[in-house]
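Undergrad: What shape does this take:
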Amino acid sequence: MIAYRGDLRQGGEEGLRYNLMIGAAVRRSGGEEVGDLASLAAALRRHARQ
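TA: Just a heads-up that it's a prediction; the model follows:
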């Protein structure tokens with residue numbers, strides 16, 4: 001799972017890009033959080049090789 005949010009809004013919980021439940025699901029799945037398109041592209045390439 002790759003979580004990407006490219007806007008400047010916050011999800012409500014301080015310091016998170018989105019809400020706490022989404023962040024927990026990403027981490028539990030072994031996924032990663034990215035904050036820009038270059039990081040998203042790199043993450044997609046890494047996961048495509050797996």
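Undergrad: rest of the way, CA atoms for contacts and neighbours
TA: Noted.
Undergrad: Report the buried residues of the helix or strand hosting residue 47.
TA: Take DSSP states H and E as the rule and residue 47 turns out to sit in helix 37-49. Of all the residues in helix 37-49, those buried under the rule 16 or more other Cα atoms under 10 Å are 40, 43.
Undergrad: tell me what it is packed against?
TA: If you count contacts as 3 or more Cα pairs under 8 Å, 6 or more residues apart in numbering; DSSP states H and E, helix 37-49 packs onto strand 2-4.
Undergrad: In terms of secondary structure, what does the next helix-or-strand element following the strand it packs on contact?
TA: Where DSSP H and E defines the elements, the next helix or strand beyond strand 2-4 is helix 20-28. Packed against helix 20-28, as judged by 3+ Cα pairs under 8 Å, 6+ apart, are no other helices or strands.
Undergrad: What ranges in the chain fall below the confidence cut-off?
TA: Applying pLDDT under 70 to the chain flags residues 7-13, 16.
Undergrad: List the contacts of stretch 36-44.
TA: 2, 4, 5, 6, 32, 34 (Cα atoms under 8 Å, 6 or more residues apart in numbering).
Undergrad: Out of those, who's the most crowded?
TA: residue 34 (18 neighbours; other Cα atoms under 10 Å).
Undergrad: That residue pairs with what?
TA: residue 4 (DSSP bridges).
Undergrad: tell me the contacts of it?
TA: Residue 34 sits next to 2, 3, 4, 5, 40 when contact means Cα under 8 Å, 6+ apart.
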